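Engineer: No letters, just coordinates:
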């Protein structure tokens, strides 16, 4: 059986991601847009340092860093311009600067997450900003270290996520860090998710319950087996 694309999991549109880094990021393949900003700051008094599961980085948190983007509203300009405006609005609070140009492309709920890597430097702190096109209602960002350990992730359903929402990720050593970009889509019980094609016959797969599409585990044209998980719903 081979899955086909369905209306419920169609490509949603372009997006842009800006990463706050200390130095330039290597250009990944153009699929989503990532651009960094960074700082080597002396922490203000209200900043707290939180250990992570990673041996490579820690989190610094401050309520002032979430306030700088709390009222941001995505404007009518293209996503690259808007993601730059989002990051720029927090520059005074975080003392970060952007490095490199945003990476742009398209991402949909039926697409596998896109990964963009950059060279994180020891003693530098990073923050990621993203903006999706109007059709993207929930753009998800995840920041990991080179071992795949999560350093921060977006926990809200919004077009313009910031990760970490109220903080920055600070590296203790040089590392090949990554930003993982995906689109979450709400589905209701009974929604058509995808179509399986076999022997010129179609089998329609429907959502068994309401929730958000967390992961599409197959791509158009893949062969699937009985009992295989095709779509994960949170």
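Structural biologist: Received, thanks. Small disclaimer: the values here were computed from a predicted structure and weren't measured. Residues are numbered from 1 along each chain as shown.
Engineer: Apart from its chain neighbours, what residue comes closest to residue 160?
Structural biologist: Counting by Cβ to Cβ, 6 or more residues apart in numbering, residue 131 is the residue found nearest to residue 160 once chain neighbours are left out, at 4.9 Å. Where C-beta positions appear, they are placed from N, C-alpha and C, glycine not excepted.
Engineer: Might you list the low-confidence residue ranges for the chain?
Structural biologist: Applying pLDDT under 70 to the chain flags the ranges 1-45, 109-110, 185-186, 200, 214-216, 218-221.
Engineer: all helices for it, in order.
Structural biologist: Listed in chain order, the helices of the chain (DSSP state H) span 63-70, 79-89, 91-94.
Engineer: Which among these is found nearest to residue 205?
Structural biologist: Comparison of these against residue 205 by Cβ to Cβ identifies helix 79-89 as nearest, at 31.2 Å.
Engineer: Please report the distance of the closest residue to residue 164 other than its chain neighbours from residue 193.
Structural biologist: Setting aside the residues directly before and after it, residue 164 is nearest to residue 152 in space (Cβ to Cβ, 6+ apart), at 4.0 Å. Residue 152 is 29 Å from residue 193, where distance means Cβ to Cβ, to the nearest Å.
Engineer: do the same with residue 89
Structural biologist: 37 Å.
Engineer: Who has more neighbours out of those two?
Structural biologist: Just comparing residue 89 and residue 193: by other Cβ atoms under 10 Å the higher neighbour count belongs to residue 193, 23 against 14.
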